[in-house]
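Enquirer: Using only what follows, build the 3D model:
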Amino acid sequence: MSGTPQLLPLLTYENAPEGSRAILEPFRARIPNLYAALAHSPGLLSTYRHGYEAFRNDGGFDATEQEVVFLAVSQFHDCRYCQAAHSAIAAANGVDSEVVRAVVTARPLASSRLEALRRLTLELVDRRGYPSDATLAEFLAAGFSERQVLEIILAIAVKTISNYTNHVIHTPIDERFARFAPEP
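Expert: Residues are numbered from 1 along each chain as shown. Below you'll find the predicted structure:
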């Protein structure tokens, strides 16, 4: 949607609502455009940040698995901003670029474990939380836990917040993520 005007301007630390400033403080020198967009709603920014950190720190997934989940949701929702950002994060964390390419182009992954994760994530999004018994069994057989199903739901909630915000506001992709942006 290039050329579409932004619904709301990106905020800075200085013009963000008071309730958003504490969350923006660690990023004050370089606020990601997503956070500058989310900052219009302190509750939305807080919910996003808290959920994001919980998934990253307590979800029981390694860096590659986290990016498979985040990228799968962002690809499903066609969020170019989040696909670019998570592709950049994946590269910084040493995630195999072929895994990233496969997820953002909706191709099956070579690893049966990662493919089970990708498929369950997509099915949860597409079927609004009603995975098939077969897909759930495949996920568990790949060595994941029942709790991790709920952690994927957390990641879906977090990515839905960011994906929808980016769609509505038309958040421009940060310069540092631009080379990772998927083709329109």
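Enquirer: Flag the shaky bits of this protein, pLDDT-wise.
Expert: 1-6 (pLDDT under 70).
Enquirer: what about the residue located most distally from the centre of the chain, distance to Val69?
Expert: No residue in the chain sits farther from the centre than Glu14, which is 26.4 Å out by CA atoms, centre = their mean. Separation of Glu14 from Val69 (CB to CB, to the nearest Å) stands at 34 Å. Every C-beta, even on glycine, is put in place using the N, C-alpha and C of the backbone.
Enquirer: Just give me the neighbour total for Leu10.
Expert: 20 (other CB atoms under 10 Å).
Enquirer: And it, its phi and psi?
Expert: phi -70, psi 140 (degrees, to the nearest 10).
Enquirer: elements contacting the lengthiest helix in the chain?
Expert: Using DSSP state H to define each element, the chain has its longest helix at helix 146-169. Judged by 3 or more CB pairs under 8 Å, 6 or more residues apart in numbering; DSSP states H and E, helix 146-169 is in contact with helix 33-38, helix 42-58, helix 63-76, helix 80-92, helix 112-126, helix 133-141.
Enquirer: With adjacent residues omitted, what lies nearest to Ala89?
Expert: No, residue 89 isn't Ala; it's Ile. Of all residues not flanking Ile89 in the chain, Glu67 sits nearest, at 6.6 Å (CB to CB, 6 or more residues apart in numbering).
Enquirer: What residues does that neighbour make contact with?
Expert: 86, 89-90, 93, 95, 99-100, 103 (CB atoms under 8 Å, 6 or more residues apart in numbering).
Enquirer: buried subset of those residues?
Expert: Applying 16 or more other CB atoms under 10 Å to these, the neighbour count classes 86, 89-90, 95, 99-100, 103 as buried.
Enquirer: tally of neighbours for Ala29?
Expert: Residues near Ala29, counting by other CB under 10 Å: 6.
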